[in-house]
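[1] only geometry, no sequence info:
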């Protein structure tokens, strides 16, 4: 499926210039139809819908696993990136006198769980950026043999900087540490192969670059890590229950990541998410990444030529779909753009930046519309 074919599946593109996939993806026509079908079943055929619960969950797990290079049984459906990030922390072993390493742009849900019992006594080390880059040598300097984990975002939400996960993983492995990754701003936009990159845990919400819905997210855990200790929480769907058994017989967790699925899934969210995963699969992650990087590069370069300070690196390997540009009054620019039917976002990096997030359904013409409107704004 080519980018122009993907574009035809998003009705909003007929009315607006949508450049905010890093916040929430617009709804596609296949997603609209899937939700309509589900609500029809919910209204008139709930028994059939109930019987198909596991089908929806397994379909989502399988599609997402393919996108990130994982095995299906290493993926669980959860309700948010934060839920997956917390789960990864809960599955990380403690070490007396240990430490955990972040960078200054790590997302809060990658940091705050480390401040809760029983991990609040761990030393927390933050690697600061230099000239807008988190340098690998600075990460390496912060990590030692007492480090139990490096907990970072793959692509940072406020700057659009992309970490070299393979290199960071190598640093972690040299010291026996785990690599925990927030993939909310990368999964669905850039190619990810968790096996090749050496990622131990990855969490990503469906509602951004995965073209899905809020209230659905995915947790990946390397198989040997998710089965080495009992799950921190348990419920009916997480239990291995042979025919004729009862809860009184005790709890045996399901093999793989299914042990982390605790209850009824978000049926509407899954219905809206599966079509997005199918679209990304049909487009192919290599094509998606190439298209996204072309547009984010085009946007960043055009802004630099206009004299703006762009925080997002120019080098393709150091960025994803997020383009962050410094503005005097980003919220005012966002409001102006919205009135002009252009959707962008302000509010990150201490409210200094405007963010433009092109995806597979966008084209260079959308960037040109944004730039033309920005010129109009500056001329006022």
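    That came through fine. Note that the structure is a prediction, hence the values are computed from the model and not measured.
[2] stretch 31-42: which residues count as buried?
    Buried residues in stretch 31-42, defined by neighbour count with 16 or more other C-beta atoms under 10 Å: 31, 34, 35, 38, 41. To be clear about C-beta, it is placed using only N, CA and C from the backbone, and glycine gets the same treatment.
[3] assumed residue 150 was part of a helix.
    No: applying DSSP: H, G, I helix; E, B strand; the rest coil, one finds residue 150 to be strand, outside a helix.
[4] how much space separates it from residue 2?
    In this view, residue 150 and residue 2 are 37 Å apart by C-beta to C-beta, to the nearest Å.
[5] with residue 84 instead?
    On the measure of C-beta to C-beta, residue 84 and residue 2 end up 32 Å apart.
[6] what's the answer for residue 340, then?
    28 Å.
[7] which of these two has more residues huddled nearby?
    It is residue 340, of residue 340 and residue 2, that has more neighbours when counted by other C-beta atoms under 10 Å, with 17 against 12.
[8] the closest residue to the more buried one other than its chain neighbours in helix, strand or coil?
    Once flanking residues are discounted, residue 340 sits nearest to residue 373: 4.9 Å by C-beta to C-beta, 6 or more residues apart in numbering. What three-state DSSP gives for residue 373 is helix.
[9] pull the contacting residues for residue 373.
    Listed by C-beta atoms under 8 Å, 6 or more residues apart in numbering, the contact set of residue 373 reads 336, 337, 340, 342.
[10] are we agreed that the first one is in a helix?
    Yes: counting by three-state DSSP, one finds residue 336 located in a helix.
[11] touching, it and residue 377? I think so.
    Yes: at 5.1 Å, residue 336 and residue 377 qualify as touching, with contact defined as C-beta atoms under 8 Å.
[12] just checking, what packs against the one helix or strand residue 61 maps to?
    Assessed by DSSP states H and E, residue 61 sits inside helix 53-68. Contacts defined by 3 or more C-beta pairs under 8 Å, 6 or more residues apart in numbering; DSSP states H and E place helix 53-68 against strand 75-78, strand 217-221, helix 267-283.
[13] of all the ones you listed, which one is nearest residue 358?
    helix 267-283 (14.3 Å; C-beta to C-beta).
[14] and the residue nearest to residue 197 when sequence neighbours are not counted, what does it touch?
    Counting by C-beta to C-beta, 6+ apart, residue 197 lies nearest to residue 165, which is 4.3 Å off, once chain neighbours are set aside. Residue 165 sits next to 154, 179, 181, 197, 198, 199 when contact means C-beta under 8 Å, 6+ apart.
[15] quick one: which of those residues is nearest residue 263?
    Looking across the contacts of residue 165 and measuring by C-beta to C-beta, the closest to residue 263 is residue 181, at 25.6 Å.
[16] Three-state assignment for the residue nearest to the closest one when sequence neighbours are not counted, please.
    Nearest-residue entry for residue 181: residue 202, 4.8 Å, with adjacent residues in sequence omitted and distances by C-beta to C-beta, 6+ apart. Counting by three-state DSSP, the backbone at residue 202 sits in strand.
[17] I'd say residue 202 and residue 194 touch.
    Yes: applying C-beta under 8 Å as the test, residue 202 and residue 194 come out as touching, 5.8 Å apart.
[18] quick one: common contacting residues for those two?
    Joint contacts of residue 202 and residue 194 (C-beta under 8 Å, 6+ apart) are 68, 220.
[19] neighbour-wise, which of these two wins?
    A count of neighbours by other C-beta under 10 Å puts residue 202 above the other of residue 202 and residue 194, at 30 against 25.
[20] so what's the more buried one up against?
    For residue 202, the contacting residues are 68, 84, 154, 181, 183, 187, 192, 194, 219, 220, by C-beta under 8 Å, 6+ apart.
[21] just curious, which of those is nearest to residue 59?
    Within the contacts of residue 202, proximity to residue 59 (C-beta to C-beta) peaks at residue 68, which comes in at 15.6 Å.
[22] ok, how many other residues are close to the closest one?
    Residue 68: 24 neighbours (other C-beta under 10 Å).
[23] wait, it touches residue 194, no?
    Yes: if you go by C-beta under 8 Å, residue 68 and residue 194 touch, sitting 5.3 Å apart.
[24] next, show the common contact partners of those two.
    Common neighbours of residue 68 and residue 194 (C-beta under 8 Å, 6+ apart) are 202, 220.
[25] ok, and for the helix or strand of the chain with the lowest mean pLDDT, which residues are buried?
    Sorting the helices and strands of the chain by mean pLDDT, DSSP states H and E puts helix 46-51 at the bottom, at a mean of 85. Judged by neighbour count (16+ other C-beta under 10 Å), helix 46-51 contains these buried residues: residue 49.
[26] ok, and what's touching that helix?
    38, 41, 42, 267.
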